[in-house]
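Novice: I would like the atomic coordinates for the input below:
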Amino acid sequence: MIDYIKSLNWIDYFYYCLVEPRKLIKLITSEERKPFIPGVLIILSVSFIEILTISLLGKENSFFYYKISYGLILTFIVIQIQIVIFAGLIDLLFQLRGYNGNIKNLINLFNFSLFPRTLLLPLVFIFEVLNFAPIFFYILFSMFLFIWQALIVIQGISEMNRRSFAESVIFYLFPFFFIGVIIIFSSTLIIINIVGFITSV
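Specialist: Got it, this is the predicted structure:
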């Protein structure tokens, strides 16, 4: 681990993540590289920064120590589960379309795509210090960084299977559509059952 840090090979991931996502996916798919550890560290950093940023926007009490410990672990697990689900659904669509899928590479791609979110805290902190609509800018920067994250994933998907940008957008949006349909269908069934229970009493 220490030798890996001293090699500075991990810096390439962060550099290409910010400036050239198509080269990032080439690093991830390279057998000579080990992207898993830097990717997990990004998720951990983003979880920590999300908690600090939200805490910055309000008044804190002793519960802050729970958020920064247990909350950090929970946030990390939730984000990683979301990434695994999204990567799995995109990989499923790859397989259905007859393309070469690789859920491991997709998970690493999603992990690195979150790296721009580490900029959220310093950006929001500026407006919190100035006391100039920090909540508004938190939402604004969150949306901007989400779009940036999406562009990293879309370009990575495009490079993985040599697909057009437009088709890669469809691959990226598929998990949102799939999960959305399940939520709507499940909510409808729950409402029907509740109404049926109430009317039968």
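Novice: quick check: nearest residue in space to Gln155, chain neighbours excluded?
Specialist: Nearest residue to Gln155 in three dimensions, chain neighbours excluded: Pro21, at 4.1 Å (CB to CB, 6 or more residues apart in numbering). C-beta: built from backbone N, CA, C; applies to glycine.
Novice: contacts for stretch 39-51?
Specialist: 13, 67-68, 71-72, 75-76, 79-80, 83, 107-108, 111-112, 114-115, 117-118, 120-121 (CB atoms under 8 Å, 6 or more residues apart in numbering).
Novice: for burial, what's the neighbour tally of Phe125?
Specialist: 14 (other CB atoms under 10 Å).
Novice: and it, how far from Ser45?
Specialist: Applying CB to CB, to the nearest Å, the value for Phe125 to Ser45 is 16 Å.
Novice: next one: Ser69
Specialist: In this structure, Ser69 and Ser45 are 16 Å apart, going by CB to CB.
Novice: more neighbours, these two?
Specialist: Comparing Ser69 with Ser45 by other CB under 10 Å, the one with more neighbours is Ser45, at 15 against 11.
Novice: helix or strand: which one has the more buried one?
Specialist: helix 36-56 (DSSP states H and E).
Novice: with Thr75 instead?
Specialist: If you go by DSSP H and E, Thr75 is part of helix 72-96.
Novice: which elements pack onto that helix?
Specialist: Helices and strands touching helix 72-96, by 3 or more CB pairs under 8 Å, 6 or more residues apart in numbering; DSSP states H and E, are helix 36-56, helix 103-113, helix 165-200.
Novice: per-residue pLDDT, the spatially closest residue to Val153 that is not a sequence neighbour?
Specialist: Leaving aside its chain neighbours, Val153 sits nearest to Ser113 (4.8 Å; criterion: CB to CB, 6+ apart). The model reports Ser113 with a pLDDT of 93.
Novice: appreciated, that's everything.
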